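>>> how would this look folded up:
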Amino acid sequence: MEDNNASFRELAPGTALLNGTYTIERTIGAGGFGITYYAKHTGLNNYYVIKEFFLDGRCVRNTQAKTVITQGINEDTYQKYRQKFIEEAQTLAKLDHPNIVKVMNVFDENNTSYIVMPFVEGKTLQGLVEKHGQLDYNTAVNYIGQLSEAVGHIHKKDILHRDIKPDNIIVTPKNTVVLIDFGSAREFVHDKTQSHTTMLTQGYAPLEQYAANSRKGAYSDIYAIGATLYFAITGQKPLDATSRTMETMPEPRELNTAISEDANRTIMKAMQMKAENRHQNIQEFMDDLLGVRPSDPIVEDKAGSGSKSKMWIAIIIALLLGIAGLVLWITLHKKEPTVTTVVQNNQVTDKKMTVYGDEYVYTGQIKDGVPHGQGKAVFNPGDKDDRIHYEGAFINGYREGKGLLQYNDGMSYEGDFVKNELEGRGKLQFGDGRYYEGSFSHSQRNGYGNYTDAAKKQHRGEFKDDNLVREI
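Numbering: from 1, shown residues only. Here you go, the predicted structure:
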């Protein structure tokens, strides 16, 4: 007998939405904030992409009613993030450009919201490079030129994309570039200190984007465009900005000798660590890339030459980033810890510091002023909705070796860390009962592992970027 209260994530193929207007054909993908479907318009016989708001780990679905049910999160918080999802649709609706994905409709159903967009046939730039290798320079510049046209258009509307990367760029069979996923986009005032939530992709986000309160501008997206071009013509993901404060990133010509000095200079200028040293708008970037107004070379301080305080800030930012990659917004309340500071014998107890507005309390072994050895860290101790605990090994300020991350809602990770990333073998327990044990890479499930879904069904297979791609 079927259990009508059983829960699952995705809508099943054949599910009708909006009074039968759309029929779900298949699931395209799922992330932390939504599930994307390939759907048919039953009247027009056309195909669309429908994005459903669904908080991973905070939502389940009733089998019979298909409604989304929250768990571990109060209704006010759920509706707040649902409203942000709707604002993504409203942001896209303001834009009309051939290189930007369009919004066709937005509607509410099943206690959640949906965004309808045209289905864009093609491959992501990430997929093209992974399959065929680095692009030739002229092809890459063609794609980046189209991307820049799109980004310049949204900047004129006072919007930052904030998540430009190869995975968010689709290349159609006719070599048209389409920029997608505006979930991180926010309105901005150029070069002013603004408060934006910290949402980013390592390797493509500039240093200022790691901070909730910082100066941001068109140059923030330009860094990401330069990083995307770097990847396209070298086939290698750029070093993330926090690591660049301590390590030297290889220049594109070091990875691909066919790249000209001019192209190398343009990319490195776009990716300067200091915002004031980058191109300040899209027109400056394109004029430099096309040789209309070549820029002058800029040599910033080499990694490691900064002060100890700069190194400390970079390390703490990196620590916070690794944790932000897993955490979802939670609403459980606990008593705030009492903080005192004791330092003795290369050991600190409850050492409190504030970095870019984020509080961090550490107890454990230190070396040269940074965590080194065994220790415990409490992130955001003053924020009841975002407090996270880590216990395990540190090396030179990084989480390195074996460790345990725990969240207020019962979500946890226990396993291997490499430079703050989940890297190697580990166990991931979700708040809704889902469980994974297997391989991790770049803080995502990548490789082979065992997975138990919310309905307690067990799977074994191959994962790629947190998605089960093949069962065995």
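
>>> ok, the closest residue to V469 other than its chain neighbours - how many residues close by?
Beyond its immediate neighbours in the sequence, the residue positioned closest to V469 (CB to CB, 6 or more residues apart in numbering) is E462, lying 5.6 Å away. (C-beta placed from N, C-alpha, C; glycine too.) Burial of E462 is recorded as 17 neighbouring residues (other CB atoms under 10 Å).

>>> same question, the one 10 residues further on
By the measure other CB under 10 Å, the count of residues near I472 is 7.

>>> what's the separation between it and T452?
Applying CB to CB, to the nearest Å, one obtains 16 Å for the distance of I472 from T452.

>>> Y37 now?
Counting by CB to CB, the separation of Y37 from T452 is 24 Å.

>>> for whichever strand or helix holds the residue nearest to V469, packing partners?
Assigning secondary structure by DSSP states H and E places E462 in strand 458-464. Contact partners of strand 458-464 among helices and strands, from 3 or more CB pairs under 8 Å, 6 or more residues apart in numbering; DSSP states H and E: strand 444-452, strand 467-471.

>>> lowest-confidence stretch among those strands?
Averaged per stretch, pLDDT over the helices and strands packed on strand 458-464 is lowest on strand 467-471, reaching a mean of 81.

>>> sheet partners, orientation included, of it?
Paired with strand 467-471 in the same sheet, following DSSP bridges, are strand 458-464 (antiparallel).

>>> before we move on, back to that, show me what contacts the residue nearest to V469?
For E462, the set of contacting residues under the criterion of CB atoms under 8 Å, 6 or more residues apart in numbering consists of 447-448, 468-470, 472.

>>> report pLDDT for it.
pLDDT, E462: 82.

>>> and for the one 10 residues further on?
Each residue has a pLDDT score; the one for I472 is 77.

>>> so which bits of stretch 201-219 are buried?
The neighbour-count criterion (16 or more other CB atoms under 10 Å) identifies 201-211, 214-219 as the buried residues of stretch 201-219.

>>> report the buried residues of stretch 229-249.
So stretch 229-249, judged by 16+ other CB under 10 Å, has buried residues 229-234, 237-246, 249.

>>> just the CA atoms of it, as CSV, please.
The C-alpha trace of stretch 229-249 is given here as CSV (Å, rounded to 0.1, in the frame of the first residue of the first chain):
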residue,chain,number,x,y,z
LEU,A,229,38.6,33.8,-20.2
TYR,A,230,41.6,32.5,-18.2
PHE,A,231,39.8,29.1,-17.9
ALA,A,232,38.6,29.1,-21.5
ILE,A,233,42.1,29.5,-23.0
THR,A,234,44.2,27.5,-20.5
GLY,A,235,41.7,24.8,-19.5
GLN,A,236,42.6,25.4,-15.8
LYS,A,237,40.5,27.0,-13.1
PRO,A,238,42.1,30.1,-11.7
LEU,A,239,43.5,30.1,-8.2
ASP,A,240,40.9,31.5,-5.8
ALA,A,241,41.3,35.1,-4.5
THR,A,242,42.0,34.2,-0.9
SER,A,243,44.8,31.8,-1.9
ARG,A,244,46.3,34.5,-4.1
THR,A,245,47.0,36.6,-1.1
MET,A,246,49.6,34.0,-0.2
GLU,A,247,50.4,32.2,-3.4
THR,A,248,51.2,33.4,-6.9
MET,A,249,48.7,32.4,-9.6
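
>>> quick revisit: next, the angle strand 444-452 makes with the strand holding E462.
Interaxial angle of strand 458-464 relative to strand 444-452 (axes from the mean of the first three to the mean of the last three CA atoms, to 10 degrees): 170 degrees.

>>> what residues does G433 make contact with?
Residues counted as contacts of G433 (CB under 8 Å, 6+ apart) are 452, 454, 456.

>>> and the closest residue to F463 other than its chain neighbours, what are its bridge partners?
Excluding its sequence neighbours, the residue lying closest to F463 (CB to CB, 6+ apart) is R445, at 4.1 Å. For R445, the beta-bridge partners under DSSP bridges are F440.

>>> and the gap between R445 and E10?
Applying CB to CB to R445 and E10 gives a distance of 17 Å.

>>> looking at those two, which is more packed in?
Under the neighbour definition other CB under 10 Å, R445 and E10 were set side by side, and R445 has more, 22 against 16.

>>> show me where this structure has its helices.
In order along the chain, the chain carries the following helices (DSSP state H): 75-93, 125-132, 137-156, 218-234, 241-244, 252-255, 261-270, 282-289, 308-324.

>>> so which of those helices is nearest F182?
Nearest to F182 among the helices of the chain is helix 75-93; the distance by CB to CB comes to 5.3 Å.

>>> between the closest one and helix 137-156, how many degrees?
110 degrees.

>>> so what's M286 closest to, chain neighbours aside?
Nearest non-adjacent residue to M286 (CB to CB, 6+ apart): S148, at 5.5 Å.

>>> my read: that neighbour touches I282, true?
Yes: counting by CB atoms under 8 Å, I282 is a contact partner of S148 at 5.2 Å.

>>> most neighbours, which of the contacts of E462?
Ranked by neighbour count (other CB under 10 Å), these have L468 at the top, with 17 neighbours.

>>> next up, the contacts around that residue.
Taking CB under 8 Å, 6+ apart as the definition of contact, the neighbours of L468 are 451, 459, 461-462.

>>> report the buried members of those residues.
Applying a neighbour-count criterion of 16+ other CB under 10 Å, the buried members of the contacts of L468 are 451, 462.

>>> out of the contacts of L468, flag the one nearest to G415.
Distances from G415 to the contacts of L468, taken as CB to CB, are shortest for Y451 (14.8 Å).

>>> so where's this protein uncertain?
Counting by pLDDT under 70, the chain shows low-confidence ranges at 1-8, 186-199, 212-214, 300-345, 353-359, 383-385.

>>> 50 - rerun?
Confidence mapping of the chain against pLDDT under 50 gives the ranges 1-7, 189, 191-197, 302-309, 312, 326-345, 355-358.

>>> T245 touches L239, doesn't it?
No: with contact defined as CB under 8 Å, T245 does not reach L239; the gap is 10.2 Å.

>>> need the helices and strands packed on strand 458-464 in a markdown table with distance to E121, can you?
Rendered in a markdown table, the data for those read as follows (distance: least, CB to CB, whole Å):
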| stretch | distance to E121 |
| --- | --- |
| strand 444-452 | 26 |
| strand 467-471 | 20 |
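
>>> could you dump the contacts of E462 into a markdown table with distance to T172 added?
Putting the contacts of E462 into a markdown table (distance: CB to CB, whole Å) gives the following:
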| residue | distance to T172 |
| --- | --- |
| G447 | 31 |
| Y448 | 33 |
| L468 | 27 |
| V469 | 23 |
| R470 | 27 |
| I472 | 33 |
